[in-house]
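Visitor: Any chance you can model this:
(3 chains)
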Amino acid sequence: MRGYLVLRVIAKLLIPFILVFGLYVQFHGDFGPGGGFQAGVIVAAAVIFHALIFGLPRTRRVVPEWVVETTVAAGLLLYIGVGIAGMLLGGTFLDYSILLHDPVHGQHRGILLVELGVGITVAGVMLMIFYMFAGRTRTPHSEK
Amino acid sequence: MTTTLINTVLLLMMAATAIGIVRSRNLFAVVILGSLYSFLMATIFLVLDAVDVSMTEAAVGAGISTVLLLSTLYLTRSEEAKPIHNPLLPLAVALVTGGLLMYGTLGLPEFGSPDSVIHQHVVPRYLQQGPIETGVPNVVTAILASYRGFDTLGEVTVVFTGGVGVIMLLRRRWRSDRKRSEK
Amino acid sequence: MNVLDLVNYWIAMMLLVTGLYIVIARGNLVKKLVGLSIFQTSVYLIYISPSKILGGTAPIVAPGLDLYSNPLPHVLILTAIVVGVATIALGLALVVRIHEAYGTIEEDEIHAQELDAE
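Guide: I've put the predicted structure just below:
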């Protein structure tokens, strides 16, 4: 993709907007369509777009593998952490009403944190799967 | 009436795409037709008022799935061999199953009626109490994250396990692979 | 139920059966996985179709609207879609490894190689 000037310029212009749209879908999932899964896939799609245009080694330098591996686990840890925080504050597992002064606000904060955890894990897993597939070289058996 | 009609037109287009996938032997064409199929499915979900599902299906089906299938085609070959078995038995099994399912649809509720059984019992409670109890207007997010939060925890664990499985199958240690090939 | 409703449901069932036919009748592993994905997507459609209420709107509560479509199948299918893509990704990783081990992704040729090796 080195010689295609239009594609590179458009990619540089579009990728920040795609990332911002992903964050919008994540945090406005409470008030409109959206939520964790969709936002995670959109953010992963933005990084995959970067890898398709600029090449996988350059994307590996921008988003290294250890960052992606950390996000895969961090999202699930956040989700379970919210559950255990409910237990530590005196309620049952995944009880959101305890988290703040008021049950309704507690529920809202719990939903926000849980959706964030879901979004982080889904983005990490989709990106990790792409890195694994795209980083593998063809063997001599493959199509000639 | 127009909703049902739009639905029928989109479903007929999807049926044509599915038959194209069955008949085509060029795997690249099969993957692109599969992406088209997912896109039409996302449109049908939108017509059926399932906006969250439509967004997820468009992003996941027409996006991520297509990228993964194309990467697999790059790593393997992209032509399907001519089928040598007689397709009569699978066709018979498929037709009998289809016939039984079509007989079963006679018991389904009328399309779009608000009196069917699935709209009673627990769903009116979610629709009325959901925004009041959780403060979140999107009832789907409220059910997903709060009322049915355990299911979502299990689902995130399944996605995590799938990712770990793919890492275990396809990870390559770059430097040690080079050393092993030099020996 | 009038004819148009029946036709809608029947086409959804036909899509399910097409996916099933691809899985059991074709030997190429990648095509089997595409057939499995068609099967899964038609099941989502069969779940979401009865949840629509004619004259209703998307289940996002807003002042001025009072008839909403059923949100419960949407929740179940959201989970199912993401789990489905994780399954397909794992299946494709297995296909890549099978190709590296046997040199082919056709079921008959893999079976023949296994029988020769015994």
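Visitor: Residue of chain C closest to chain A, please.
Guide: Distance from chain A to each residue of chain C (C-beta to the nearest C-beta) is smallest for C:Gly103, at 4.0 Å. For every residue, glycine as well, the C-beta is placed using N, CA and C.
Visitor: Can you spell out the domain ranges of chain B, please?
Guide: Following automatic domain parsing, chain B resolves into domains at B:1-81, B:148-183.
Visitor: Make CSV from those and add mean neighbour count, distance to B:Leu88 and mean pLDDT to it.
Guide: Output for these, formatted as CSV (neighbours: other C-beta atoms under 10 Å in any protein chain shown; distance: least, C-beta to C-beta, whole Å; pLDDT from 0 to 100):
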stretch, mean neighbour count, distance to B:Leu88, mean pLDDT
domain B:1-81, 20, 15, 90
domain B:148-183, 15, 36, 79
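Visitor: Now tabulate these in TSV and tack on distance to chain C.
Guide: Shown next, in TSV, are these (distance: least, C-beta to the nearest C-beta, whole Å):
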stretch	distance to chain C
domain B:1-81	4
domain B:148-183	3
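Visitor: Make CSV out of those domains and add distance to B:Pro114.
Guide: Formatted as CSV, these follow (distance: least, C-beta to C-beta, whole Å):
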stretch, distance to B:Pro114
domain B:1-81, 13
domain B:148-183, 23
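Visitor: From chain B, how far off is the residue of chain C closest to chain A?
Guide: 10 Å (C-beta to the nearest C-beta, to the nearest Å).
Visitor: Identify the residue nearest B:Arg25 in space, chain neighbours excluded?
Guide: With sequence-adjacent residues excluded and distances taken as C-beta to C-beta, 6 or more residues apart in numbering or on different chains, B:Arg25 is closest to B:Glu80, at 4.5 Å.
Visitor: list the contacts for the one you found?
Guide: For B:Glu80, the contact set (C-beta atoms under 8 Å, 6 or more residues apart in numbering or on different chains) comprises B:Arg25, B:Asn26, B:Leu27, B:Val30, C:Arg26, C:Gly27, C:Asn28, C:Lys31, C:Glu106.
Visitor: Any chance you could list what contacts stretch C:90-102?
Guide: Contacts for stretch C:90-102 (C-beta under 8 Å, 6+ apart): A:129, A:132-133, A:136, A:139, A:141-142, B:68-69, B:71-72, B:75-77, B:162, B:165-166, B:169-170, C:29-30, C:33, C:36, C:105, C:109-110, C:113.
Visitor: so how far is it from its chain's centroid?
Guide: 21 Å (C-alpha atoms, centre = their mean, to the nearest Å).
Visitor: CA atoms only for that stretch - export them in CSV, please.
Guide: Provided in CSV are the C-alpha atoms of stretch C:90-102 (Å, rounded to 0.1, in the frame of the first residue of the first chain):
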residue,chain,number,x,y,z
LEU,C,90,-11.5,-20.5,16.7
GLY,C,91,-12.8,-22.8,13.9
LEU,C,92,-10.8,-20.8,11.4
ALA,C,93,-7.6,-21.0,13.5
LEU,C,94,-8.1,-24.8,13.5
VAL,C,95,-8.5,-24.8,9.7
VAL,C,96,-5.2,-22.9,9.4
ARG,C,97,-3.4,-25.4,11.5
ILE,C,98,-5.0,-28.4,9.7
HIS,C,99,-3.8,-26.9,6.4
GLU,C,100,-0.3,-26.6,7.7
ALA,C,101,-0.4,-30.3,8.9
TYR,C,102,-2.0,-32.0,5.9
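Visitor: Good, wrapping up.
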